[in-house]
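Student: Quick one: sequence plus predicted model below, questions after.
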Amino acid sequence: MATSTITSASGPLDVQGLVSQLMNVAKQPLNRMNQQVSTYNSQISDLGALSSDLTALQGTLTSLSSGQFINTFKATSSNTSVLSATASQSANPGIYNVAVNNLATAQNLAFNGQASESASLGNAADTLNFTFGGGKTATVAISANSSLDEISNSINAAGIGVSASVVKADNSAAPYRLVLTGAGVGAAQSFSTSTAGGQASLSFMTFDAAAAVDGSGNITDSRLTARAKDASLTVNGLTLTSSSNTVTSAINGVTLSLTQAGSTALSVASDSAAIQAKVQTFVDAYNKVASDAQTLYNGNLKGDYTLVHLQTTLAKLLNTPISGADGSTTIAYLAQAGVSLQKDGKLKLDATALNAAIANDPAAVVNLFGNSNKDGFAQRFNSTINDFLGPRGLVTTRTNTLNDQVKTMKDKANQEQTRMSVVQDGYLTLYTKLNSSLMQMQQTSSSLTSMLARITSSSK
């Protein structure tokens with residue numbers, strides 16, 4: 001609510017200064033209320049930051065609790081100029097000898113030459129038919145009196161998976177050739193062409209893909225400058241084909257990207273660096289929670305039960321072994337898998353110890369983070385975070401309480417502000433009247449003094 005403006009009046013008193021000083025004292029309760037609102041808002045912000053940290057930590061737990069983080073593999077080609085590869089979680093470790101016999105290629109067709117690329121062919125309107133190796137068909141409308149350039153543009157505009165261009169091939173009397181190139185690779189992308197009208201002027205665009213290759217796969221029609229064919233490769237002595245140069249069916253869980261003919265040895269093995277990265281991500285996220293919780297505890301949330309309970313819960317969680325494991329014969333603590341708690345309350349990953357634990361007993365490492373008893377460390381953390389961030393969780397309820405306190409305190413502050421306006425108006429009225437009375441007294445005193453002075457002067 002707006003307050004009255006303090007105004008000055010002529011007279012012996014500084015009404016503005018006097019009322020300002022009195023209001024500075026009177027507003028101290030209001031100032032404390034506003035400061036409390038600010039403190040509450042800071043605490044709400046701090047709890048929001050803590051909630052974000054816990055959510056980020058929870059995001060690192062899925063692959064750990066499921067055990068999938070162990071099934072991280074890397075495929076390495078000894079000759080990357082032949083192929084590169086990636087491995088999924090379903091890959092089978094091993095050494096694979098791969099020979100790429102030929103890549104999957106697209107068809108390239110160059111029709112017989114014409115005298116001009118821009119002159120009319122003298123044709124009537126017609127349709128150019130395409131029949132693809134996979135059984136798909138397409139048509140392109142040919143306008144009357146089209147040129148090679150216009151036919152090329154029509155094919156490109158049709159978007160049928162074939163691109164067209166006009167190339168000047170030589171310096172003969174008919175050097176301009178309409179060239180068609182398939183957009184996709186593989187035998188199914190081969191195509192034949194014919195015109196619906198059978199006009200002599202367009203007969204040069206009739207082509208039979210099947211007749212252009214003999215039984216041995218050799219090209220017999222010179223217009224076919226490249227065949228559409230499948231990739232051929234041999235994996236550990238077994239030959240297979242692929243309609244694409246990206247092969248997913250040759251090796252279980254491995255995608256091969258073929259780049260040229262040749263041979264290579266492909267190694268599929270556990271990717272220790274990627275496994276470490278997933279565990280390190282968990283460690284980093286936990287350390288962010290621990291660090292920020294300590295910082296917040298020393299700030300606006302000092303002594304807050306939410307932080308005290310969180311720190312106590314995390315410490316207990318880390319120091320309790322998983323059920324069914326005593327730590328002497330099998331892995332029961334994170335430290336046995338290279339993740340140890342430091343004096344400063346943070347975790348540290350020993351990659352060598354983690355790799356050794358995985359190599360010695362990968363099932364035990366998986367069990368450490370997630371198991372059928374639902375007490376793996378990743379499972380525990382997930383459950384604990386849900387308890388803190390759920391609708392009835394401690395962080396949520398504490399935040400809700402603070403929001404209620406902010407509302408209540410703001411209401412009180414508004415009421416106090418209204419009261420301050422009334423108080424200020426009273427001060428202004430009181431001291432303005434007092435100032436006016438004093439000014440009148442001064443004027444009366446001055447008049448009396450002047451009168452006495454005149455009387456004294458007359459008697460002399």
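Tutor: That came through, no problem.

Student: helix or strand for Phe388, which one?
Tutor: For Phe388, the element it lies in under DSSP states H and E is helix 377-389.

Student: and after that helix, which helix or strand comes next?
Tutor: Following helix 377-389 in sequence order, the next helix or strand is helix 394-459 (DSSP H and E).

Student: How about Gly113: what's its closest non-neighbour residue?
Tutor: Among residues not flanking Gly113 along the chain, Ala174 sits closest, at 3.8 Å (CB to CB, 6 or more residues apart in numbering). Any C-beta I mention is one placed from the backbone N, CA and C, and that applies to glycine too.

Student: Torsion angles phi and psi at the one you found?
Tutor: When read as degrees, to the nearest 10, the backbone of Ala174 gives phi -130, psi 70.

Student: Which positions in stretch 61-79 come out as buried?
Tutor: Buried residues in stretch 61-79, counted by 16 or more other CB atoms under 10 Å: 61, 63-67, 69-75, 77, 79.

Student: then it to PDB, C-alphas only?
Tutor: Provided in PDB are the C-alpha atoms of stretch 61-79 (Å, rounded to 0.1, in the frame of the first residue of the first chain):
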ATOM      1  CA  LEU A  61      21.200 -45.000 -11.900                       C
ATOM      2  CA  THR A  62      19.100 -46.700 -14.600                       C
ATOM      3  CA  SER A  63      21.900 -48.600 -16.400                       C
ATOM      4  CA  LEU A  64      23.700 -49.400 -13.100                       C
ATOM      5  CA  SER A  65      20.600 -50.900 -11.500                       C
ATOM      6  CA  SER A  66      19.700 -52.900 -14.600                       C
ATOM      7  CA  GLY A  67      23.200 -54.300 -15.000                       C
ATOM      8  CA  GLN A  68      23.300 -53.100 -18.600                       C
ATOM      9  CA  PHE A  69      26.400 -51.000 -17.900                       C
ATOM     10  CA  ILE A  70      28.500 -54.100 -17.900                       C
ATOM     11  CA  ASN A  71      27.300 -55.100 -21.400                       C
ATOM     12  CA  THR A  72      29.100 -52.300 -23.100                       C
ATOM     13  CA  PHE A  73      31.200 -53.400 -26.000                       C
ATOM     14  CA  LYS A  74      33.600 -51.800 -28.500                       C
ATOM     15  CA  ALA A  75      34.200 -53.000 -32.100                       C
ATOM     16  CA  THR A  76      37.700 -52.300 -33.500                       C
ATOM     17  CA  SER A  77      38.600 -52.800 -37.100                       C
ATOM     18  CA  SER A  78      42.300 -53.500 -38.000                       C
ATOM     19  CA  ASN A  79      41.700 -51.800 -41.400                       C
END
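
Student: contact partners of that stretch?
Tutor: Here stretch 61-79 makes contact (CB atoms under 8 Å, 6 or more residues apart in numbering) with 83-91, 93, 253-254, 262-271, 273-275, 278-279, 282, 358, 362, 365-366, 369-370, 376-379, 381-382.

Student: for it, the distance to its chain's centre please.
Tutor: Chain-centre distance of stretch 61-79: 21 Å, with CA atoms, centre = their mean, to the nearest Å.
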